[in-house]
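Undergrad: okay, here's the prediction I keep looking at, along with the sequence it came from:
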Amino acid sequence: MQFMHRAVTHRLRSPFRVAHGVSATRTTVFARLDTPDGPAWGEGALVPYYPYTLNDLTAYLDGIGETFGPKPGAPFDLDAALAAIPDGPAPARCALDLALHDAWGKAAEQPLWSLWGLDPKALPPSSFTLSIPDDLDAYRAELDAVAHLPVLKLKVGTGDADQDIELVRLARGRTDAALGVDANSAWTVDEAVRIVPELAALGGILYVEQPLAWRTPDGLRTSHEAWHRLRERLPDGLPPLLADEAVQGLDDVDGLAGAADGVNVKLTKTGGLAGARRMIDRARAHGMQVLVGCMVETAVGVTAAAHLAPLADFADLDGAVLLDRPAVTGGMVWHNGRMTLPHHPGLGVFTWDSGVWPS
Ligand SMILES: [Mg+2]
C-alpha cells in the first residue's frame, strides 16, 4: 500500500497547563495508507514531557518507505502487518498501527468495535479536562460552563499541595460532576499521603491519577517501590489511584500491581491499539481498573482510543475537544461527555475533505 506521513501542529482553544508545563499548540504525526477501499489513517501525538523529539518521529516514519502494509489483492492479515512495524518511538509506531487497523476495518467493511465483538453502547462517560488555572475567577467561570457534564478531570500539580486541594474544593463546590484528579507526577509520597485523604473527604472523587513523581531531576524513572510505599501508608476506602506516566509498558503494569488500583492506557504510550489491548488484558489479569485516555490529538487518535472504551471503567477522551478547530471530520462524536462510536468501516474517521493533508 502507498504510505505517506505528515506532522501537523494544532492550535489549542486555550493554553493547556499541567504540572509538566504549558502548551499553546501540540503536534501530532499522521500516517496515511492508500488502500483499495480508500485512505486509511493513523495518528500519534508528540508529548512535550516524553523523551523523544519530532525529529525522532519523522526520521522513523521516513524510514518506513513508500510501500507498507498488506499487498493489495492479498487477504488482509492484520497480525502479520502489525508484526512488520519496526521497533521505534511509540507515537510513530502508533500512527502505523492505527492506519493498519483502519485499513483492516475498511477491507472487512466493518467498524473496528464490531470486528472486536464489542458493544458500542457500553461506554463509560468521557471526562472533560480543566487544566491548571492562572486565575481563580476565570477557573470559576470555566467550571460553571462545564458543571453539567458527568465527569470533570482536574489537572493539579501547581507546586503547592494546599493550592492543589483548593482547586478540587472549589470545583466540588460548583458542580455535582464526578471528579477525576490528575497530579501529573507532582507529589512526593509524603505529600500524597496527606493530600489523597483530604481529596477523598471532599466527596465524589472518581479517581486520583499519577500522584507520584515519574522521573527524578536527573531523568531516571522513579521506582515502582514508591507506589507500594504510598499504598502501605494510605488507609483503605479511598478513591482508586491510577498510574499514567508511571505505566509505559507491560512490566510497569506488573510492577505496580497491588500498589496502583488501575492504569491509564493511551495509544501514544503503547504504540497503538494492539499494544493497548495487551495492556488492558494485563491490567485485568492483575484485577486492576482501566482508564482509556488520550493525549491532545485529533479525532483520528481519539476515535481509535474510543473503540477501546467498551473495555474500560473510565474514559478520558476529550483530546480533540481541546483543539481550536477540528482538523478531521467524522469519527467519535463527543457530546456533553457522552461518546457515540462511528458506524463507518475501520476507525470511522473521514479526515480532511478530499483526503489531502491539512495546511
Ligand atoms: Mg494523566
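TA: Noted; the coordinates are in hand. Numbers count the residues shown, from 1 in each chain.

Undergrad: what's around the closest residue to the ion within the chain, how many residues?
TA: When scored by C-beta to the ion, the chain has residue 244 as its residue closest to the ion, at 3.6 Å. (Glycine included, C-beta is placed from N, CA and C.) If you count neighbours by other C-beta atoms under 10 Å, residue 244 ends up with 23.

Undergrad: I figured it was touching residue 264, is that so?
TA: Yes. If you go by C-beta atoms under 8 Å, residue 244 and residue 264 touch, sitting 3.9 Å apart.

Undergrad: can you list residues touching both of the two?
TA: Applying C-beta atoms under 8 Å, 6 or more residues apart in numbering, one finds that residue 244 and residue 264 are jointly contacted by 209-210, 293.

Undergrad: I figured residue 157 was touching residue 185, is that so?
TA: Yes. Under the criterion of C-beta under 8 Å, residue 157 makes contact with residue 185 at 7.2 Å.

Undergrad: what touches both of the two?
TA: Common neighbours of residue 157 and residue 185 (C-beta under 8 Å, 6+ apart) are residue 19.

Undergrad: my read is residue 284 is in a helix, agree?
TA: Yes. Looking at residue 284 with DSSP: H, G, I helix; E, B strand; the rest coil, it is inside a helix.

Undergrad: so what's it closest to, chain neighbours aside?
TA: residue 290 (7.1 Å; C-beta to C-beta, 6 or more residues apart in numbering).

Undergrad: what does the chain put close to the ion?
TA: 182, 209, 244 (C-beta under 5 Å from the ion).

Undergrad: if you set the cut-off to 6 Å instead, what comes out?
TA: Within the chain, the residues that sit near the ion (C-beta under 6 Å from the ion) are 182, 184, 209-210, 244, 264.

Undergrad: among these, which ones are in strands?
TA: Counting by DSSP state E, those place 182, 209, 264 in strands.

Undergrad: weed out the non-buried ones from the residues of the chain next to the ion.
TA: Applying 16 or more other C-beta atoms under 10 Å to the residues of the chain next to the ion, the neighbour count classes 182, 184, 209-210, 244, 264 as buried.

Undergrad: measure the residue nearest to the spatial centre of the chain to residue 192 for me?
TA: Centroid-nearest residue in the chain: residue 294, 1.7 Å away (criterion: C-alpha atoms, centre = their mean). Note on residue 294: its distance to residue 192, by C-beta to C-beta, to the nearest Å, is 25 Å.

Undergrad: need the pLDDT of residue 218.
TA: Residue 218 is assigned 60 on the pLDDT scale.

Undergrad: ok, which stretches of the stretch 101-250 of the chain are strands?
TA: For the stretch 101-250 of the chain, the strands defined by DSSP state E, counting those that start in this stretch occupy 128-130, 151-155, 178-182, 205-209, 241-243.

Undergrad: how distant is the fourth one from the center of its chain?
TA: Distance of strand 205-209 from its chain centroid, counting by C-alpha atoms, centre = their mean, to the nearest Å, is 16 Å.

Undergrad: now do it, average pLDDT.
TA: For strand 205-209, the per-residue pLDDT averages 98.

Undergrad: before we move on, back to that, which of the strands of the stretch 101-250 of the chain sits closest to residue 20?
TA: strand 151-155 (9.9 Å; C-beta to C-beta).

Undergrad: circling back to that earlier point, in contact with the residue nearest to the centre of the chain, which residues are there?
TA: 45, 266-268, 301-302, 305, 316-319.

Undergrad: again with residue 63
TA: Counting by C-beta under 8 Å, 6+ apart, residue 63 makes contact with residue 86.

Undergrad: for this structure, longest helix please?
TA: Counting residues, the longest helix found in the chain (DSSP state H) is helix 90-108.
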